[in-house]
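Chemist: 3D model of this:
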Amino acid sequence: MEKSCSLLVHFDNGTPALANEIKEALEGNDVPAKIDAMKNAIMLLLNGETLPQLFITIVRYVLPSEDHTVQKLLLLYLEIIDKTDGKGRVLPEMILICQNLRNNLQHPNEYIRGVTLRFLCRLNEVEIIEPLIPSIMSNLEHRHPYVRKNAILAVMSIYKLPQGEHLLVDAPETIERFLSTEQDPSAKRNAFLMLFNCAQDRAINYLLTNVDRVPDWGELMQMVVLELIRKVCRTNKGEKGKYIKIIISLLNAPSATVVYECAGTLVSLSSAPTAIRAAASTYCQLLLSQSDNNVKLIVLDRLNELKSSHKDILVDMIMDVLRALSSPNLDIQRKTLDIVLELITPRNVNEVVLTLKKEVMKTQSGELEKNGEYRQMLIQAIHSCAIKFPEVASTVVHLLMDFLGDNNVASAMDVVIFVREIIETNPKLRVSIVTRLLDTFYQIRAARVCSCSLWIIGEYCLSLSEVESGISTIKQCLGDLPFFSVSEEEEAADSTKKTQLTNSTTISSRRPAILADGTYATQSAASETAFSPPTVVQGSLATGNLRSLLLAGDFFLGAVVTCTLTKLVLRLEEVQPSKVEVNKASTSALLIMVSILQLGQSSVLPHPIDNDSYDRIALCIRLLCNTGDAVRTIWLKSSHESFVQMLLDKQLRETEEIKAKAQISHLQPDDLIDFYHLKSRKGMSQLELEDEVQDDLKRATGEFVKDADDANKLNRIVQLTGFSDPVYAEAYVTVHQYDIVLDVTVINRTKQTLQNLCLELATMGDLKLVERPQNYTLAPDSSKQIKANIKVSSTETGVIFGNIVYETSNVLERTVVVLNDIHIDIMDYISPAVCSDAAFKTMWAEFEWENKVAINTIITDEKEFLDHIIKSTNMKCLTAPSALEGDCGFLAANLYAKSVFGEDALVNVSIEKQEDGKLNGYIRIRKGRKLISLTGLHSKHAWKNSRGLPISAVALEFAS
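Modeler: All right, here's what the predicted structure looks like:
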């Protein structure tokens, strides 16, 4: 076994001090040189050197020194040197040390006494300690509190030694008497801690005797009291009532640390509504009173835990939680909104939405750098409120529409998606939303927001005035036709041939422009002339937002414009009695479509129109020239029906998730029933009565018994040795986020006693053993449970291997039994998770790294293959089930999961069925920072389907 070490000092291997130099410095009279020499000696000893020749030198020249620093270093030196021989007997020269320690314990200086007492706390040799006990006990009555508090710690350490109770027989009585007279808070705390650890009954008796004075005790003492209460209540739940009163009395303590610990203790011990309400109120007060962001995040985590088990109580405090939004930290704001959104009820939704509206209006000031991100979170929160409670939509939708032209594109997209959903779910708001959208459309600058807004205009402009206003608004935003003149096109053609012209030289010196689709393009002379004439600046309100985006090369938006115009003209035919007006509108729309095609095919822009957009616009032109009833139905009704179905699917998924979360476990039918109404209520306070009732309810609903599925437990047992080995071993592997616990059962199958049996483990990968298992003695046919803790630092697949070593009385040599390897599966770290489509797209765009895996499988059904991937990778399919229905020979789906380390896993599966029936396609995986490996070679079950057929030996490397 390795020696224990209570001291760790950094050591620079570059310039090690020599023993002779240290000895010379110690023998001199220069105190600073002596201090440096002692430091060097300590560092050398800590790093494996023995330096036996220094001991006598230190006894002769360092022990007599009166310098406090030298004496402190001397005690550190004595702490780390070997004080026993190979057989465990104390070395004779330690008698010299013993006399010096006695002198220090009687020294007139308080510091020398105090540090010596602290040194004795780390001393385990009874032979050295025993002569010093009278001096240690006398220090309990010293006038200075520094000496007294360290004397108590020394008494506690000695009493906890294997023979400590014989060395200090009356220590608990002495400390109890000391505690009743002591006034210093630190010394009092140490005395109570000693009773807590060594004589718990006396500590409890002292606490209950002085229960009225607990609120007046110091912070350190109150913390120990809470620790004692937790320990007592865990072992004796029947006495919780009297201790909970003490905790509630401490909730008003001036120390934030004590108040926080009180709230946590209260929640862990009691489920009574009064206790939980007091704890939640305390957390809310800490949330407002503490300025440290880390403290706020921790408190929010505690509130989130309370929310899962005591939601009804937390609902009443929703406004107190919302006050945390005053913090400028985005993480705090995000956590606060997540908690609040799950606590909204019809009773408080109006107050919550009003608060969120005020916060949205504050973000317009532009004082903070991250106002855009905060506004986006607020918009998403309001969106969620409006979907759950449609009646509040009318109070927020018009305010949010002011942000359609927000510079933060993500925020503006959230607004337009919110508007799109509200206009469908709240028919009463349709007219006002359409009117407001048409009035503010010219302010929109982002192509994606324009596209969604145009779809809303095309679908929900139903009356004659709305249709005409919609067509007029689009025309104004497109500006005058054509988009370019013939002379400008000729100039553009000439500029491509003449590379030495001044104009072209000027433009080539400009930085590349970023197009609406995110690609880079170099601006040409012609495009500069086209949308930057002397009187009109590109992107200004005079130019029109649609015109600016089209001249920037965004022809997908051009296709959306033509589709919207087509819908509006088709609807105009239904609501406009005048055929002449319909023909005028149709002709005007056709002219716009043709102009967009001409712009896309000209040389004015650096990039021509893409084929998809060209086909879409051409289809709209043909449709307006020859309209049929079937086509009219598709354009005016089918698109809207698909959108309605998408909303229904989304609502269905959310309902299923809520139902899944609400599932509770139940007890067995033959379990006992406890009728709490028949219990004696004599002498019980209201709080104790509530606590009894809540405990009974927990037993009835199975909350106290939350055992995992037995089948899953059996799957986690790994056989380490064979049945014919003299020692049989198997391990039960438990993964707790950053920790892996191996519960190893070792059985002696021989008829001999196994001595010094040791489980030796080693790891490969990002795994680290926390402690070295001890040696054990195992009787014949007996068993032993050995636990090993392993820390995990990343989600890479790791391997644990090792052996069992033991000795028998008949054989002098040690016997080694090699163990089977334990593969730590990456699937234990990954759990399915849910995120919005917008969040998925954002992460997909941000994560730079991508791995593309070709599909090679004998599975012939697309849906079956997708289900297999979901099951194998333990991921959640974000694509709606309705989008996966049908048999078109093609399937695309997005999968998402999170690891316990907060890493995000993004996967896109694209499958196509070939003519021969085989599946073809790719699985694309994206990651941000850290790699998560899921390799078929490492994870035996990862790539096997239900029939045991291998798909391929590929690696899925996920994202963070």
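Chemist: What is the neighbour count of residue 93?
Modeler: The tally of other residues near residue 93 (other CB atoms under 10 Å) stands at 11. For every residue, glycine as well, the C-beta is placed using N, CA and C.
Chemist: Which residue, other than its chain neighbours, is closest to it?
Modeler: Using CB to CB, 6 or more residues apart in numbering and skipping the chain neighbours, the partner closest in space to residue 93 is residue 55 (6.6 Å).
Chemist: go on, residue 600?
Modeler: Using CB to CB, 6+ apart, the closest residue to residue 600 is residue 609 (2.6 Å).
Chemist: Contact partners for residue 406?
Modeler: Going by CB atoms under 8 Å, 6 or more residues apart in numbering, residue 406 touches 372, 375, 412, 415.
Chemist: I meant residue 913, not that one.
Modeler: So residue 913 contacts 860, 862, 889, 890, 919, 920 (CB under 8 Å, 6+ apart).
Chemist: rewinding a little: reformat the contacts of residue 406 as CSV; add neighbour count.
Modeler: Output for the contacts of residue 406, formatted as CSV (neighbours: other CB atoms under 10 Å):
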residue, neighbour count
372, 18
375, 25
412, 28
415, 27
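Chemist: Which neighbouring elements make contact with the strand or helix carrying residue 654?
Modeler: Assigned by DSSP states H and E, residue 654 falls within helix 639-662. Where contact means 3 or more CB pairs under 8 Å, 6 or more residues apart in numbering; DSSP states H and E, helix 639-662 is packed against helix 409-425, helix 447-460.
Chemist: Helix 409-425 and that helix, what's the angle between them?
Modeler: 100 degrees (axes from the mean of the first three to the mean of the last three CA atoms, to 10 degrees).
Chemist: can you give me the mean pLDDT across helix 639-662?
Modeler: Averaged across helix 639-662, pLDDT comes to 78.
Chemist: now it against helix 447-460, angle please.
Modeler: Going by the same axes, to 10 degrees, helix 639-662 makes 110 degrees with helix 447-460.
Chemist: which of the contacts of residue 406 lies closest to residue 803?
Modeler: residue 372 (58.8 Å; CB to CB).
Chemist: List phi and psi for the closest residue to that closest one other than its chain neighbours.
Modeler: Nearest non-adjacent residue to residue 372, counting by CB to CB, 6+ apart: residue 408, 3.3 Å away. Here is the backbone geometry of residue 408 (degrees, to the nearest 10): phi -80, psi 100.
Chemist: Residue 98 - how many residues pack around it?
Modeler: Around residue 98 there are 17 residues (other CB under 10 Å).
Chemist: oh, I was asking about residue 387
Modeler: Counted with other CB under 10 Å, residue 387 comes out at 17.
Chemist: From residue 877, how far out is it?
Modeler: Noted for residue 387: a distance of 22 Å to residue 877, by CB to CB, to the nearest Å.
Chemist: Unless I misread the structure, residue 799 falls within a helix.
Modeler: No: judged by DSSP: H, G, I helix; E, B strand; the rest coil, residue 799 forms no part of a helix; its state is strand.
Chemist: for the nearest residue to it once chain neighbours are set aside, phi and psi?
Modeler: In this structure, residue 799 finds its nearest non-sequential neighbour in residue 764, 4.4 Å apart by CB to CB, 6+ apart. For residue 764, the backbone dihedrals are phi -130, psi 130 (criterion: degrees, to the nearest 10).
Chemist: Would you mind measuring from residue 764 to residue 546?
Modeler: 60 Å.
Chemist: More neighbours: which of these two?
Modeler: Ranked by neighbour count (other CB under 10 Å), residue 764 and residue 546 place residue 546 first, with 27 against 12.
Chemist: Now do the same for that one: helix, strand or coil?
Modeler: Quick answer, by three-state DSSP: residue 546 is helix.
Chemist: Now for it: which residues touch it?
Modeler: Residues in contact with residue 546, defined by CB under 8 Å, 6+ apart, are 450, 474, 477, 478, 557, 561.
Chemist: next one: residue 56
Modeler: Per CB under 8 Å, 6+ apart, neighbours of residue 56: residue 93.
Chemist: Can I take it that it is in a helix?
Modeler: Yes: using three-state DSSP, the secondary structure at residue 56 is a helix.
Chemist: Please identify the helix or strand for the most far-flung residue of the chain relative to its centre.
Modeler: The C-alpha centroid of the chain is most remote from residue 580, which lies 63.2 Å away (CA atoms, centre = their mean). Element membership of residue 580, judged by DSSP H and E, is helix 579-601.
Chemist: related to what we said a few turns ago, how many residues are close by the residue nearest to residue 600?
Modeler: Neighbour tally, residue 609, other CB under 10 Å: 21.
Chemist: Next one: it from residue 547, what distance?
Modeler: For residue 609 relative to residue 547 (CB to CB), the value is 16 Å.
Chemist: ditto for residue 890
Modeler: Counting by CB to CB, the gap from residue 890 to residue 547 is 37 Å.
Chemist: higher neighbour count, these two?
Modeler: Using other CB under 10 Å, the more surrounded residue of residue 890 and residue 547 is residue 547, with 21 against 12.
Chemist: show me the contacts for that one.
Modeler: With CB under 8 Å, 6+ apart, residue 547 has these contacts: 477, 478, 479, 483, 531.
Chemist: Switch those residues over to a markdown table; also include pLDDT, secondary structure and distance to residue 783.
Modeler: Converted to a markdown table, the contacts of residue 547 look like this (pLDDT from 0 to 100; DSSP: H, G, I helix; E, B strand; the rest coil; distance: CB to CB, whole Å):
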| residue | pLDDT | secondary structure | distance to residue 783 |
| --- | --- | --- | --- |
| 477 | 89 | helix | 81 |
| 478 | 88 | helix | 83 |
| 479 | 85 | coil | 86 |
| 483 | 78 | coil | 85 |
| 531 | 35 | helix | 83 |
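Chemist: So which of those is the closest to residue 427?
Modeler: residue 477 (27.1 Å).
Chemist: The closest one touches residue 549, doesn't it?
Modeler: No: if you go by CB atoms under 8 Å, residue 477 and residue 549 don't touch, sitting 9.4 Å apart.
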